[in-house]
Every structure is written in C-alpha cells, then in structure tokens.
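Colleague: After the sequence you'll find the predicted model.
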Amino acid sequence: MSEANLPAYVSYLLQESSYPHPAADISLVQTHISFVFLAGDSVYKWKKPVDFGFLNFSSLEKRKFFCEQELLLNRRLCPDIYEELVTVTEEGEGFALNGSGNVVEYGIRMKRMPEEKMMGRIMAAGQLTQAHIDAIIDTLVPFYQAAAGDKSIQEFGQASSVAVNVLENFAQTEAFIGQGALNRGQFDAISSYAKEFLGHGDRFQVRIDDGKIRDCHGDMHSANICLADPVCIFDCIEFNERFRYTDVAADVAFLAMDLDFHGFEGLSHYFIEEFVAKSEDSGLKVMLDFYKCYRAYVRGKIGLFTASDPAVDGKTANHCLEQARKHFLLAEQYAAAK
C-alpha cells in the first residue's frame, strides 16, 4: 500500500520530525492487526481498527484498553521492554505524538531489541543452538509455574472450551479454500482429525487435574522471541483471554511447531524433551501433535488474513500466502501422524 493510502496518522509517524528522539530510517511493519514503527531506539505499535470476532479493536476506547493490557501482560516476561502508553493527538491542521489535543489513536512504546539477537534472524543464519533452547526453557519453566491458574482459568482447558478456538479456525478459513493456500482435501483431513481428538474429553481433563491450564503467552513462536540476555519472549495475546488461558502444552507446541516449520526438527525434539524434563510434565506429549496441528493451522489462517488486508502491499500479500500454504501443509502432516 502506498503512503498516500495510509491513515493520516500513519503517514505522520513515518516522518523523523514526528519523534522527540533520534529516529532516522524509520521502518513500518504491518500485520493483520497492527502498524509497527521502528524508530531509532524505540518501537511504536498501533492497533488497526479491525473486528475479526475473536478480536475487536473497532473503537478508540477498545484500542486504548487493549494497549494497556498489552503493557501489563507483556511485562511478565519482558519487564524492561514495555515502556508506556502513547497517543497521537490532533494539533491544529496536523498531529503530535503525546500532544495535548484530541486523541486520534493510542499505542504503546517499547525499547527496541537488538536485531541481531532476534530468534528468526539467528535461525535464518543457521546459528540456532541447544544453548539458545536451554535459555528459552529456563525462562519458561518458572513463568508457567508462577502464572495464574485458578478455577476460572482451568475451565478453558475443557475439551468444549478448546473446541471453540479450534473449530472457529475452520469456520473462518473455509471461504479461502481453493484460492492457492488451502485445498478441500487438506481442510477436511485437518478438521476431521481435530474433531476426533476433541472427542477425547478425558485427555483434556487430565491436564486440568494436573494444574497445566495457566494464563500463558498465547503466541509463542520465533518471531516473538529475542535471544538476548535475558531472553525476552514478547507480544503475548492481550486481545482475547480464551487464547491465553490455555494448556501449557498448547503454548509450548507453538514454538515446537515453528521450529519444525523452519527445518529445525532436531532442536524442536530437544526443546520438548528438555522442557518436559525440567518442568516434570510428561503428560504434555499426549497433547503435543494436536496442539502443533492447531498452531500450524492458526499461522496459516493469519497468513490468509494478512494477505487479504487491503492495507498490505502485493509483495507482502504474496509472501503471506506462500507462508500460509506451507503452514497448512505442516498442519496436514501433524493430522496424518495420528
């Protein structure tokens, strides 16, 4: 999408002069739900006014609330990264960052993490090691132990509750069948597998009884991990509690799936084995392929959503479709492994 077609406040934030600190070479990164600006040593994240049902940022009031939630929840794993709530305000004929006029948009300001330590970059360079995986595990085990897991959260571990999230994905993607990333055979195979597994309510109850349903991260894959010291696992799900109140196995499966996706199957296996040992959670393995399949399908769905966003340029859209196709293929493989 050209700059001329962006919301006016986004065009404003692409100017170095808009910031109260050095901000040369500003970069804009878009997702299906956010505008993210890399500006000097800071990152500014703004929510798009979208409503996907499972996510509703349609009003300014909602966007403010979820920005506040994003700060609160992400400080659990990245206390030094998530800094403050910020605004774009109307100032005469223009805008200001944190000005005194009417608020046009709310966002959050974060410290910029070192690019060379981003997990995705390290993986792309083929430099990911067991030591990196160990550091992630050493961060996650105490996080899950300390995470809330009261009775109201445990209810989200029931098969009927998990089914809401899983089956929703199929409802939201069926219209995309035959458009290049997902075919009917894959859709039927994956959905049949998921429904059959969901029929085993006893497996889900065991996880509840073992205290494994917690207030988790919800979106734990390599793009949301910085392998600095200490490790920072950022950008958790703030917009819908039912995606974050989940089995620890579902959180861990996301990263394991992502490692598989990028060709690090050996490290994926190592991650699971070491996490199970250090957390003393052998029951996780019973749920692993189911949740890997679910997570791969979610990533495919997000690729479809991003590609169909009119604010996304053609090159990005094509890349997202290709990534979606590969994720659906992986989900199909997990389903076939039953």
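Modeller: Great, that's in hand.

Colleague: My read is that D210 contacts S282, right?
Modeller: No. Using Cβ atoms under 8 Å, D210 makes no contact with S282, being 9.9 Å away. Glycine gets a C-beta too; all of them are placed from N, C-alpha and C.

Colleague: More neighbours: the two, which one.
Modeller: Neighbours were counted for D210 and for S282 using other Cβ atoms under 10 Å; D210 has more, 15 against 10.

Colleague: List the residues that contact the closest residue to the more buried one other than its chain neighbours.
Modeller: Sequence neighbours aside, G283 is the residue nearest to D210 in space, at 5.9 Å (criterion: Cβ to Cβ, 6 or more residues apart in numbering). Applying Cβ atoms under 8 Å, 6 or more residues apart in numbering to G283 gives the contacts 206-207, 210, 212, 249.

Colleague: Look up phi and psi at G283.
Modeller: Backbone torsions for G283, taken as degrees, to the nearest 10, come to phi -70, psi -20.

Colleague: Just the pLDDT for it.
Modeller: With respect to pLDDT, G283 scores 97.

Colleague: Now do it against F156, distance only.
Modeller: Separation of G283 from F156 (Cβ to Cβ, to the nearest Å): 17 Å.

Colleague: just the buried members of the contacts of G283?
Modeller: For the contacts of G283, a burial check counting by 16 or more other Cβ atoms under 10 Å picks out 207, 212, 249.

Colleague: For Q30, name its beta-bridge partners.
Modeller: Using DSSP bridges, the beta-bridge partners of Q30 come out as F35.

Colleague: V88 looks like it's in a helix, true?
Modeller: No. Applying DSSP: H, G, I helix; E, B strand; the rest coil, one finds V88 to be strand, outside a helix.

Colleague: Would you mind naming the residues that bridge with it?
Modeller: L97, E105.

Colleague: Any regions of the stretch 201-338 of the chain where pLDDT drops low?
Modeller: For the stretch 201-338 of the chain, the stretches flagged by pLDDT under 70 are 338.

Colleague: where exactly do the helices run in it?
Modeller: Residue ranges of the helices in the stretch 201-338 of the chain, as given by DSSP state H, counting those that start in this stretch, are 201-209, 241-244, 248-261, 265-279, 284-307, 314-336.

Colleague: quick one: buried residues of the longest one?
Modeller: Residues of helix 284-307 classed as buried under the neighbour-count rule (16+ other Cβ under 10 Å) are 284, 287-307.

Colleague: for that helix, packing partners?
Modeller: On a contact count with 3 or more Cβ pairs under 8 Å, 6 or more residues apart in numbering; DSSP states H and E, helix 284-307 meets helix 159-173, helix 184-198, helix 201-209, helix 248-261, helix 265-279, helix 314-336.

Colleague: just to revisit the earlier point, in CSV: the helices of the stretch 201-338 of the chain, plus distance to L71.
Modeller: Formatted as CSV, those follow (distance: least, Cβ to Cβ, whole Å):
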stretch, distance to L71
helix 201-209, 30
helix 241-244, 15
helix 248-261, 20
helix 265-279, 27
helix 284-307, 23
helix 314-336, 27
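
Colleague: where does the most centrally placed residue in the chain fall, phi/psi-wise?
Modeller: Nearest to the geometric centre of the chain sits D219, at 3.4 Å (Cα atoms, centre = their mean). The phi and psi values for D219, taken as degrees, to the nearest 10, are phi -150, psi 50.

Colleague: List the residues that contact the residue lying closest to it once chain neighbours are set aside.
Modeller: Once flanking residues are discounted, D219 sits nearest to I237: 5.2 Å by Cβ to Cβ, 6+ apart. Counting by Cβ under 8 Å, 6+ apart, I237 touches 217-219, 243-244.

Colleague: So E105 sits against V86, correct?
Modeller: No. Using Cβ under 8 Å, E105 is not in contact with V86; the gap is 9.1 Å.

Colleague: Tell me which of those two has more neighbours.
Modeller: The neighbour comparison of E105 against V86 (other Cβ under 10 Å) goes to E105, with 21 against 17.

Colleague: residues contacting the more buried one?
Modeller: E105 neighbours (Cβ under 8 Å, 6+ apart): 9, 46, 60, 63, 87-88.

Colleague: how about a cut-off of 6 Å?
Modeller: 9, 46, 88 (Cβ atoms under 6 Å, 6 or more residues apart in numbering).

Colleague: Out of those, grab the one that's most surrounded.
Modeller: V88 (25 neighbours).

Colleague: Let me know the pLDDT of that residue.
Modeller: As predicted, V88 sits at a pLDDT of 98.

Colleague: Check G178 too.
Modeller: What the model reports for G178 is a pLDDT of 95.

Colleague: contacting residues for A249?
Modeller: 284, 287, 291.

Colleague: Redo the residues you listed as CSV? Include distance to L321.
Modeller: Formatted as CSV, the contacts of A249 follow (distance: Cβ to Cβ, whole Å):
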residue, distance to L321
L284, 32
M287, 30
Y291, 24
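
Colleague: count of neighbours near the closest residue in space to V164 that isn't next to it in sequence?
Modeller: Leaving aside its sequence neighbours, V164 sits nearest to R242 (Cβ to Cβ, 6+ apart; 6.7 Å). By the criterion of other Cβ under 10 Å, R242 has 15 neighbours.
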